[in-house]
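Participant: no sequence on this one, just coordinates:
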């Protein structure tokens, strides 16, 4: 095939899913000429599974994406159908927002944003080869012979690489929801030195909502106190125009599944790739948790302009006839009509140990990967990586230092550090339990931690800067006010009314620590009368956890001593005496950039880190 120069760019982004969109927007907003190559314009920001954003851990990522100038939070707010707070009954550190979005509107709004972004070209086509010269990226070749010359490339191909859908004994070469797969790029990635393996994910059926008997199900209402995702929209309550419902599987459902396990690709050997541990198929749940009499199922709308209902918690790869019987055994679904059947999908992804914390490939300069190709699952994990990859590719081309977020700064930092330091043998999902400094990573303060990092860049719009400075001033004023001491007589009266025990408090903050609610304090003592509800909630949490936060900050400072000790990326670990064989192999594989990262590698123990510290001392 004759090739031709399709265009010349600073950065080419391969893929237009949630990772690709954030990467392309970040790169172009940094002032670089960018091209986003996608198999199909209709798949831009497509929500192949549940059209929801956020949830436990994931909501933290969305707030961090917003704090760093990304688009996901703003797009979710624009297309919200229902918003809820997850873990509302638990501590503020693990609370997060979950938004049910309009699937088609989410795609349209993101596509519109991309189309109206300067220095960004959107091109439909399939990437078949990464072009390199002297160990550097020089271009991307398309299936029709077009050459996109570029100084950097970001591979964000999602689950499309050699994708195959599996339902019963039917296997098709297909991407999600019938979109075409990308069948030729994997070969190019392997030739460049990437380690490639197969992962699996899946999705449940979509039902015709007109055939669902919702009166047999429990309503799951929106939360009236829920906030918007984006810090730019906190003064605007989220739209709640849709209802969600809950129902359950039963003995009949489980009987249908267990009676057909020999026809399940997961149990008859048709699927051997690794699936997500924390989002298992209904077959896996019934087998693995045989003692459970029922499993919770959520019925959620796909959009405002469709009757399609997403059956969360019931993904499957069983044959169509079995699926029909299985879904119709559930209360409320007895007469349901399936509009789209469930399926599993297998795809190629890389070993994330092949990439640096910047998400750059270790073997080819200026080649980055982001999203599910790195072994993650979920829109939020993908978008966070895409944003970081876009920022770092742009910063490198501009000669600026990279953005590497610490585990003490962001869940995004935890996510990427886990991937590039520990690797993953299954689709990785972020969870609050993965963060050792979770108290420091509250979603409500993501902007205070991260927005200063984009000051002066194209990601920091005037609107965002004004919003950040205003919120910062309001938080500081609230903290200063709460540090003041109330009048003794009023304090005694307040304590009597609200049942607060103890000696006379030294400040309003002391009343908070003794169990008083900030709304009651503000109302009774007539302080912070004009403060935003979100500001008061944030300050209350900071005061309540002040003691724990001090301990956590001390731990962070100790850990930073190791993070500040840099390791050259070209160390020959085989020549460092005192290192165990396993440690040498693992260190050579990961090539950690700091002593702290070295200590987090599986198979590297504290004694090995001590050996590295001694070795570093001899080199200084």
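Facilitator: That came through, no problem. Every value quoted in this text rests on a predicted model; they were computed, and no experiment measured them.

Participant: for the stretch 401-550 of the chain, which segments are assigned as helices?
Facilitator: 411-417, 446-450, 462-482, 488-498, 508-513, 518-525, 533-544, 546-563 (DSSP state H, counting those that start in this stretch).

Participant: tell me the most buried of those?
Facilitator: Among the helices of the stretch 401-550 of the chain, ranked by average contacts under mean count of other CB atoms under 10 Å, first place goes to helix 411-417 (a mean of 26). Where you see a C-beta, it was placed from the backbone N, CA and C, and this is true even at glycine.

Participant: for residue 43, give me phi and psi.
Facilitator: Phi and psi for residue 43, reported as degrees, to the nearest 10, are phi -100, psi 10.

Participant: likewise for residue 291?
Facilitator: Per degrees, to the nearest 10, the backbone of residue 291 is at phi -80, psi -10.

Participant: so where is this structure shaky, pLDDT-wise?
Facilitator: Within the chain, the stretches with pLDDT under 70 are 503, 620.

Participant: out of the helices of the stretch 401-550 of the chain, nearest to residue 89?
Facilitator: Closest approach to residue 89 among the helices of the stretch 401-550 of the chain (CB to CB): helix 533-544, 14.4 Å.

Participant: remind me what that closest one packs against, helices and strands.
Facilitator: helix 462-482, helix 508-513, helix 518-525 (3 or more CB pairs under 8 Å, 6 or more residues apart in numbering; DSSP states H and E).

Participant: tell me how many other residues crowd the nearest residue in space to residue 394 that is not next to it in sequence.
Facilitator: Spatial nearest neighbour of residue 394, chain neighbours left out: residue 30 (3.7 Å); criterion: CB to CB, 6 or more residues apart in numbering. Counted with other CB atoms under 10 Å, the neighbours of residue 30 add up to 24.

Participant: let the chain start at 179 from now.
Facilitator: Got it, first residue is 179 now, which makes that one residue 208.

Participant: any figure for the gap between residue 669 and residue 659?
Facilitator: Applying CB to CB, to the nearest Å, the value for residue 669 to residue 659 is 15 Å.

Participant: quick one: the helices in the stretch 379-528 of the chain?
Facilitator: 429-436, 460-466, 498-506.

Participant: helices and strands around the longest one, which ones?
Facilitator: For helix 498-506, the packing partners by 3+ CB pairs under 8 Å, 6+ apart come out as helix 429-436, strand 516-518.

Participant: of all the ones you listed, which one comes closest to residue 400?
Facilitator: Closest among the helices and strands packed on helix 498-506, using CB to CB: strand 516-518, at 24.8 Å.

Participant: what pairs with the closest one, and is each one parallel or antiparallel?
Facilitator: Paired with strand 516-518 in the same sheet, following DSSP bridges, are strand 384-386 (antiparallel).

Participant: identify each buried residue in the strand it pairs with, please.
Facilitator: Using 16 or more other CB atoms under 10 Å as the burial criterion, the residues of strand 384-386 that qualify are 384, 385.

Participant: same question, stretch 335-350
Facilitator: Buried-residue list, stretch 335-350, by 16+ other CB under 10 Å: 335, 336, 337, 338, 339, 340, 341, 342, 343, 344, 345, 346.

Participant: so which of those residues comes closest to residue 304?
Facilitator: Among these, residue 338 lies closest to residue 304 (CB to CB), at 9.2 Å.

Participant: so which bits of stretch 498-517 are buried?
Facilitator: 500-511, 514, 516-517.

Participant: now residue 419: how far from residue 278?
Facilitator: Taken as CB to CB, the span from residue 419 to residue 278 is 10 Å.

Participant: any shared contact partners between these two?
Facilitator: Each of 259, 260 lies in contact with both residue 419 and residue 278 under the rule CB atoms under 8 Å, 6 or more residues apart in numbering.

Participant: list the contacts for the nearest residue to residue 505 once chain neighbours are set aside?
Facilitator: Nearest residue to residue 505, sequence neighbours excluded (CB to CB, 6+ apart): residue 511, at 5.2 Å. Counting by CB under 8 Å, 6+ apart, residue 511 makes contact with 385, 390, 391, 425, 489, 505.

Participant: ok, so of these, who is nearest residue 326?
Facilitator: Residue 326 lies nearest to residue 489 out of the contacts of residue 511, by CB to CB, at 40.3 Å.

Participant: in the sheet, who's paired with that closest one?
Facilitator: Here residue 489, judged by DSSP bridges, has bridge partners residue 477.
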